Structures are given as structure tokens and as C-alpha cells.
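Student: sequence unavailable; structure follows:
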């Protein structure tokens, strides 16, 4: 919920509140946003050390896809189009979201719904590809070909 609120707040300044709330369809970018969108180059992160300062911003991340139940790059949850990417070098581009789960929230969930699978208490990051909160997909990092053209 915090992530959704943060992203909607940031984007409401650029796109206009009426478009976000569905009052009228957004068919073009506002003039104030257009130059930023055309000249935007998201930072490429290869380490998760300073990930928190990019929450709510468009970023690109590159690293090895984890071989865990919930796949991630640099500790940021992403979507995998194929299990073949697990353990391989990949990248993903999107808006970084953050959520924090407390021990108390988990205990309350258990009381209300019974035992369910959780990641436990902590702060979690997820990369979103669009405003409908669709997780960003990892793509294979391009393999460099040798200068001689060997295959």
C-alpha cells in the first residue's frame, strides 16, 4: 500500500490527478513531463548497497538472478519469464518499490487467516514495470561477441 501511494503521489504531479483517477483518459504526456521522459537515462545499479535512495525512481538493475522461490536481482524482487534465467546474468528496468513488514503485522495476519507462507519481518524491494504494479521482467544480459566474430 505504501509503495502504491508513493508512486501515485510522484506521478500525479506529472500526469495530472484526473488521469490517474480515471476521470478522463490520458492520451499524451503533459508538456512539463515531456522533456524529462525523452532525455531520461535510468541509473544502472550493479550493487544493492545504496538501493534505498532509489525508491520511487526509474532504475535499471543488473546482476545474477537468485535461485530462490521468489526470484530477485540484487535483493530486488522481479518477475522471471523463464526459469532458465535462474543463476544467470540478467537485467530489469522499472520503478523501485519498497514495503516493510513488521513482526506484529505477521502475527495479526496469522490470527486473522491462519498460518500462511511469509518472508518474515523486514524491508523488501520490488521492481514494477508500470502503474498497474506489474512486476518488471528480468531479461538476459547480452553476451559479448569476440572482436573476430567467433561464435
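Tutor: Received, thanks. These numbers come from a predicted model, not from an experiment. Numbering: from 1, shown residues only.
Student: how many neighbours does residue 42 have?
Tutor: 15 (other Cβ atoms under 10 Å). Using the backbone N, CA and C atoms, a C-beta is placed for each residue, glycine as well.
Student: give the bridge partners for residue 92, please.
Tutor: Legend: beta-bridge partners of residue 92 under DSSP bridges are residue 61.
Student: any idea how far it lies from residue 137?
Tutor: 6 Å (Cβ to Cβ, to the nearest Å).
Student: try residue 57
Tutor: For residue 57, the distance to residue 137 - Cβ to Cβ - is 19 Å.
Student: now swap in residue 55 and tell me
Tutor: 20 Å.
Student: sorry, back to before: neighbour-wise, which of residue 92 and residue 137 wins?
Tutor: Legend: neighbour count by other Cβ under 10 Å for residue 92 and residue 137, higher for residue 92 (25 against 17).
Student: my guess is that one contacts residue 140, does it?
Tutor: No: at 10.9 Å, residue 92 does not count as touching residue 140 under the criterion of Cβ atoms under 8 Å.
Student: tell me which element residue 108 is part of?
Tutor: Using DSSP states H and E, residue 108 sits in helix 103-113.
Student: what's in contact with that helix?
Tutor: 116, 118, 120-121 (Cβ atoms under 8 Å, 6 or more residues apart in numbering).
Student: do a quick rundown of the helices in this protein.
Tutor: Along the chain, the stretches classed as helices by DSSP state H are 2-15, 17-21, 34-39, 103-113.
Student: ranking these by mean pLDDT, which is last?
Tutor: The weakest mean pLDDT among the helices of the chain belongs to helix 17-21, with a mean of 36.
Student: so where is the protein shaky, pLDDT-wise?
Tutor: 1-40, 144-151 (pLDDT under 70).
Student: ranges for the strands of it?
Tutor: 44-45, 58-64, 72-73, 76-77, 89-101, 122-128, 139-140 (DSSP state E).
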